[in-house]
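How does the following fold in three dimensions:
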Amino acid sequence: MSAAALKTLPNPFLFDELDVRTAVDENENVWFCAKDVCAALDIAWTAM
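Below you'll find the predicted structure:
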């Protein structure tokens with residue numbers, strides 16, 4: 001599946017008062033934006 005097949009939802013998912021962008025694919029599966037999830041969980045990329 002390509003990113004073009006995802007439909008962004010107008011209302012982000014709210015996690016601990018932080019917005020997490022979501023989208024649905026052609027099968028109505030919900031996808032969460034990894035960058036937003038990592039920020040909400042305070043996960044940072046530390047590798048070089």
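
Quick check: pLDDT value at the spatially most central residue of the chain.
With distances taken as Cα atoms, centre = their mean, the residue of the chain nearest its centroid is residue 33 (1.8 Å). On the pLDDT scale, residue 33 is placed at 91.

from memory it sits against residue 19, does it?
No - using Cβ atoms under 8 Å, residue 33 makes no contact with residue 19, being 9.3 Å away. C-beta here means a position set from N, CA and C on the backbone, and glycine is covered the same way.

quick one, what contacts the residue nearest to the centre of the chain?
20-23 (Cβ atoms under 8 Å, 6 or more residues apart in numbering).

what's the closest non-adjacent residue to residue 15?
The shortest distance from residue 15 to any non-neighbouring residue, by Cβ to Cβ, 6 or more residues apart in numbering, is to residue 40 (4.6 Å).

With residue 13 instead?
residue 20 (4.4 Å).

before we move on, what about residue 12?
Using Cβ to Cβ, 6+ apart, the nearest residue to residue 12 is residue 19, at 3.8 Å.

any idea how far residue 27 is from the one you found?
The spacing between residue 19 and residue 27, counted by Cβ to Cβ, to the nearest Å, is 24 Å.

ok, now residue 48?
According to Cβ to Cβ, residue 48 stands 37 Å off from residue 27.

more crowded one of these two?
Comparing residue 48 with residue 27 by other Cβ atoms under 10 Å, the one with more neighbours is residue 27, at 7 against 3.

Next up, phi/psi of that one, please.
Main-chain torsions, residue 27, degrees, to the nearest 10: phi -100, psi 10.

and it, how far is that from residue 21?
To residue 21, residue 27 is 19 Å away according to Cβ to Cβ.

give me the number of residues near residue 28?
7.
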